[in-house]
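Asks: Whatever this is, show me its structure:
(chains A and B)
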Number of protein chains: 2
Amino acid sequence: MTAPLRLGIAGLGTVGVGVVRILRKRAALLSARTGRDISISAVSARDATKDRGVNLSSYAWEDDPVALATRDDVDVFVELMGGSEGAARDATEAALAAGKHVVTANKALLAIHGQALAEQAEAAGLMIRYEAAVAGGIPVIKALLEGLAGNEITRVMGVMNGTCNYILTRMEADGLGYEALFEEAGKLGYLEADPTLDVGGIDAGHKLAILSSIAFGTRVNFDAVELEGIQRIELEDIRQAADMGYRIKLLGLAQRTARGLEQRMQPCLVPANSPLGQLEGGTNMVVIEGDAVEQVVLRGPGAGEGPTASAVVGDICDLARGMRVPVFGQPATTLEAARPAQSGLPAPYYLRMALMDKPGALAKIATALGEAGISINRMRQYGHSEPTAPVLIVTHKTTRAALDMALSAMQETGVLAGDPVALRIENL
Amino acid sequence: MTAPLRLGIAGLGTVGVGVVRILRKRAALLSARTGRDISISAVSARDATKDRGVNLSSYAWEDDPVALATRDDVDVFVELMGGSEGAARDATEAALAAGKHVVTANKALLAIHGQALAEQAEAAGLMIRYEAAVAGGIPVIKALLEGLAGNEITRVMGVMNGTCNYILTRMEADGLGYEALFEEAGKLGYLEADPTLDVGGIDAGHKLAILSSIAFGTRVNFDAVELEGIQRIELEDIRQAADMGYRIKLLGLAQRTARGLEQRMQPCLVPANSPLGQLEGGTNMVVIEGDAVEQVVLRGPGAGEGPTASAVVGDICDLARGMRVPVFGQPATTLEAARPAQSGLPAPYYLRMALMDKPGALAKIATALGEAGISINRMRQYGHSEPTAPVLIVTHKTTRAALDMALSAMQETGVLAGDPVALRIENL
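Replies: Residues are numbered from 1 along each chain as shown, chains lettered A, B, ... in the order given. Here you go, the predicted structure:
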């Protein structure tokens, strides 16, 4: 039997504790599966005194994650602290510099510094594995990196932020407003420390940028993700969408086009009876399309102690088995810097806006659309008591560029109260 | 760069040709992803003269797959002939004996001889990979073997025979009978050479036996799969199921129970609005449940040139990258011989039978159920013109053992015309 694989685990929140629990409870099984023992040499977290419900006394304690990452008795640095900067980044770089493989659940770190870290790791013959960074327990990184390696990937889509999906699902199911559910999600511990990461679509955007890189052989480029959160979605939007047979989902999509790499993470209307439309609560779904495999759909829990720890331990097993795969599927130095492209594919759009209650206001809006070449499928102005009049418009298919032109012309008419909400309708 | 990985491909049907096509078309991409060239040294098939629409002139030709498998210029034997005996088995054994890794799409071979082959391979430090053997393009073997290696798997379920699902879906959609669709499936080339493999549930049973072995660390045991085909499903069953909000699917399920390992592949009623119920045509779905990950669902094309070749090439890439994983996830010699167990979990059942048109016939049937402790949820006797009367019964929850007792008592009453159809109702 090979020598044990020795871990240093930094970060003992839900996921870290989950990993420790699996490694203790399933030691014999993991050893049978990988052909060697997997041991924990040392752990690190902010507070050494906190009771985490798991016995850590047999592991060395390090206050400093960099010290942990570079210990002689650590073969693999397991980074579960999170955050693209500070301790997580420092310790990951230090681990690689010290010749340690890295397993991480940190999507922000990889979405921002993935290219540099991958180059550093590969130059030293080391692995960075990050199954837990995207879509929790779903083995989607492995599917893309390995299982579908025979494909030229044509498109990746998915719902990858459980918190947003939880809020959107509950809005429809219980008729509650966004604000109330945002507060509830916070109390339930579903929100990141900075909630904008979740509801602003940033967390999901990080995940999409990582998937894009593997799928298309491109340098991870989070800045190029067209990003929009769910903060402006109102109960009225959910209801209108439902009336038309749709649900609103924070949908990510990445594809190569003739103009460049399209990456977007935005609330969209998707058919209520489609697999993505039926996705409830914290469940994630990723759709991968390749030239050979056609379409593969993966669904599972997007977060939580067990599922996320399952992904981390899967990565640890890969390392224990001696697996060697480039961080993003091909050597980092060969990844292409793709030109970012806005979606050129026309789609119908759902628009909601508030108009000043003046004669001719609606005509001005309709004219702005018409002049941008956008025809209207449905339009509805509400009876109202406020000084502004809510108007809903569903357009026929149009490009985002034409829509942006129309929206900007609308602003110039002076009849809009505030910015319109514009949601793409994806007939998947 | 490492030396090329040299393949010998035996079997040039749809899948074999698909593999050759991908390897030619994506040579640069595969080389970037695996760090080495993947080349074909030689091929083998029954007919050397047949035009397969792909240029094979640069590869050596072997009439004998055993000769192919043992060539000096072959590192990996790719077995795409099929069949549990004869050439496929001989050549696979010969390849392993000659120190070659094996990639295969052959579920029958692994379901019947998997244990012996795995022991032979592992004793020689060789790999057998078989992603294409189960659920076509879906990377489910990889998910179970590697991605979910941190889990104790609790249950595996799925719809894994596209042909059966195609027939059952079309019966409902187009109101066509089983016989007509069986004929059509044959004409479309959807059926195996021996169609019983498909419609008898054998092919799907092979796949389930393979998944069970990985999931539960047990010796693959196809003989222990409780097996039932779809041949006796009538349009009337499909309609009755639909009336109650169900669809009939050839559903596989494997789980460990206190009494042993339960493996069954049978037509079942599943809720029409459940993910399994919504599965259409040739699409496959596998549901994996583990103690940490909770539930992961994988969906994709279960057959076809592209998807199956995608799975084969994924395996080849794993070997090119030097991956080493035991054939069934832990060393074959450590796999346990599990005691087979019939399902003990009670479920409602759907029963259809034909009764002799005699006074008291229905009462005798009801009595047989009552004496086995089975209570009736619904019962319906049809108006009819035949000499026998069709009767449908939906029971409350009961065990398979109690039901078998009732069915055997019914036979003894002498009022049954033929064997009843009994389908489990799975409220997933």
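
Asks: Geometric centre of chain A: which residue is closest?
Replies: With distances taken as Cα atoms, centre = their mean, the residue of chain A nearest its centroid is residue A:204 (2.3 Å).

Asks: All the helices of chain A, in order from the start?
Replies: Secondary structure of chain A (DSSP state H): helices at A:14-25, A:27-34, A:65-69, A:87-97, A:107-123, A:140-142, A:162-174, A:178-187, A:196-199, A:202-216, A:235-243, A:305-320, A:361-371, A:400-413.

Asks: Can I get those helices in CSV including distance to chain B and mean pLDDT?
Replies: Backbone N, C-alpha and C define where each C-beta goes, glycine included. Output for the helices of chain A, formatted as CSV (distance: least, Cβ to the nearest Cβ, whole Å; pLDDT from 0 to 100):
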stretch, distance to chain B, mean pLDDT
helix A:14-25, 5, 97
helix A:27-34, 4, 98
helix A:65-69, 21, 98
helix A:87-97, 19, 98
helix A:107-123, 10, 98
helix A:140-142, 5, 98
helix A:162-174, 12, 94
helix A:178-187, 20, 90
helix A:196-199, 21, 93
helix A:202-216, 10, 98
helix A:235-243, 17, 94
helix A:305-320, 3, 98
helix A:361-371, 37, 95
helix A:400-413, 30, 95
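
Asks: Out of those, which gets nearest to residue B:57?
Replies: helix A:202-216 (33.5 Å; Cβ to Cβ).

Asks: and the nearest residue in space to the residue nearest to the centre of chain A that is not next to it in sequence, how many residues sit next to it?
Replies: Ranked by Cβ to Cβ, 6 or more residues apart in numbering or on different chains and with sequence neighbours excluded, the top spatial neighbour of residue A:204 is residue A:161, at 4.0 Å. Residue A:161 has 33 neighbours, counted by other Cβ atoms under 10 Å in any protein chain shown.

Asks: correct me, but residue A:161 touches residue A:200?
Replies: No. The pair residue A:161 / residue A:200 is not scored as a contact, 9.9 Å apart, by Cβ atoms under 8 Å.

Asks: domains in chain A, as residue ranges please.
Replies: Dividing chain A into domains by automatic domain parsing, as the record does, gives the ranges A:5-133, A:148-300+A:329-334, A:349-425.

Asks: Throw these into TSV and include distance to residue B:167, thanks.
Replies: Listed next are the domains of chain A as TSV, based on distance: least, Cβ to Cβ, whole Å:
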stretch	distance to residue B:167
domain A:5-133	37
domain A:148-300+A:329-334	21
domain A:349-425	35
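
Asks: quick one on the thing from earlier: contacting residues around the residue nearest to residue A:204?
Replies: Contact analysis of residue A:161 by Cβ atoms under 8 Å, 6 or more residues apart in numbering or on different chains lists A:198, A:201, A:203-204, A:207, A:250, A:284, A:302.

Asks: hmm, 6 Å instead?
Replies: A:198, A:203-204, A:250 (Cβ atoms under 6 Å, 6 or more residues apart in numbering or on different chains).

Asks: Check these for burial and list the buried ones.
Replies: For the contacts of residue A:161, a burial check counting by 16 or more other Cβ atoms under 10 Å in any protein chain shown picks out A:198, A:203-204, A:250.

Asks: nearest to residue B:102, of those?
Replies: Of all the buried ones among the contacts of residue A:161, residue A:204 has the smallest distance to residue B:102: 40.6 Å, by Cβ to Cβ.

Asks: quick one: contacts for the closest one?
Replies: Residues near residue A:204 by Cβ under 6 Å, 6+ apart: A:160-161, A:250, A:252, A:265.

Asks: Which single one of those residues is nearest to residue A:81?
Replies: Taking Cβ to Cβ as the measure, residue A:81 lies nearest residue A:161 of the contacts of residue A:204, at 19.8 Å.

Asks: Could I get the phi/psi values of the closest one?
Replies: Note on residue A:161: backbone dihedrals following degrees, to the nearest 10 are phi -130, psi 110.

Asks: quick one: it from residue A:206, how far?
Replies: Using Cβ to Cβ, to the nearest Å, we find residue A:161 at a distance of 10 Å from residue A:206.

Asks: same question, residue A:197
Replies: 8 Å.

Asks: Likewise for residue A:77?
Replies: Distance of residue A:77 to residue A:206, computed by Cβ to Cβ: 20 Å.
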